[in-house]
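A.B. asks: Sequence first, predicted model second:
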Amino acid sequence: MTNPIQRSPMAYIGMVVVALLAITVLVGCVKRAPTFDTALTVQNATIMENDPYKKTNWIKGPLVNCGGQCEMFLRSWVSDGSASVFYQLYVNDDDFEWRFFDSAYDMNGTKMDFIILDRQTRMGYGYARTIETFAIFLEKKYMNRAKTEGLNFKVSGKRGTKVFTLPPHYVQGFMSVVAQRFPSRGVIGKPQNSNPVSASVSAPPLVKQPSAMGQQPTAIGQQPSPTEMHYWEQVKDSRNPAQFDAYLVMFPNSQMAPLARRRLDELRVSQ
């Protein structure tokens, strides 16, 4: 009588073949993460979006990993009637380190225009992590230099620092799309129209509009949302017109919009 535990060599071969076929099927079902290792792959993955309500065109580069669950990409935008193209490095850092970012510097020690867009803390059984979303504003001349040098920033916070880099070929691929889409634009501070937002967009009336950026206008009606006020507090003293343009893109009908437009015009004239 044959021992039921014993199997013939052909039976083992059959089991191996079945296992290999199963592995092959599973591997084929796994979606490989895209890699952007050339300027062409970045260029092909860069997309353009149009917001007909805010009269704004966006160009967004592909998401790349910056360690763990951290993701970042380059983006640019231009408003209808404006000659200026604005640029940002946009980062969503999901980490177990509680850094509380508040500033950014490049390899030359230059302090960058930095803004925190969102910060969340998530708690779980035995762990806690922070998710910080921020942007670094970049000018065209900086982007042109980055096509050969890449981007390299150290972002600092109250409890730590982290370095974020993008290789030159990523910037090359991204900027090639910008050049194709906006061939006659890109000189920050030289608008064709002083108002970067469509003239049809109106804001709630203000009792007064102080000229000093440190003062807040007194508005009639509902108070600004916490998100709007948080963003305004970070940009109100900036000397970079891109920050006010970004504010107007995000909050075109806000109570601070007239003041932001005035400040944007002042900065463009001064440049």
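C.D. replies: Sure thing, it's come through. Note that the structure is a prediction, hence the values are computed from the model and not measured.

A.B. asks: Quick check: chain neighbours aside, which residue is closest to Cys66?
C.D. replies: Met72 (5.0 Å; CB to CB, 6 or more residues apart in numbering). Using the backbone N, CA and C atoms, a C-beta is placed for each residue, glycine as well.

A.B. asks: Repeat that for Thr165.
C.D. replies: Asn152 (4.8 Å).

A.B. asks: Buried ones in the helix or strand harbouring the one you found, by neighbour count?
C.D. replies: Secondary structure assignment for Asn152, by DSSP states H and E: strand 151-157. For strand 151-157, the buried set under the neighbour-count rule, 16 or more other CB atoms under 10 Å, comprises Leu151, Phe153, Lys154, Val155, Ser156, Gly157.

A.B. asks: tell me the contacts of the closest residue in space to Leu138 that isn't next to it in sequence?
C.D. replies: Excluding its sequence neighbours, the residue lying closest to Leu138 (CB to CB, 6+ apart) is Tyr87, at 4.2 Å. Tyr87 makes contact with Leu74, Arg75, Ser76, Phe137, Leu138, Glu139, Lys140, Tyr142, Met143, Ala242 under the criterion CB atoms under 8 Å, 6 or more residues apart in numbering.

A.B. asks: List the residues that contact the fifth one.
C.D. replies: Contact partners of Leu138, counting by CB under 8 Å, 6+ apart, are Tyr87, Gln88, Leu89, Met112, Ala146, Leu151.

A.B. asks: Swap in 7 Å and give it another go.
C.D. replies: Tyr87, Gln88, Leu89 (CB atoms under 7 Å, 6 or more residues apart in numbering).

A.B. asks: what packs against the helix or strand Leu74 falls within?
C.D. replies: Assigned by DSSP H and E, Leu74 belongs to strand 71-79. When contacts are defined as 3 or more CB pairs under 7 Å, 6 or more residues apart in numbering; DSSP states H and E, strand 71-79 packs onto strand 56-60, strand 64-65, strand 86-95.
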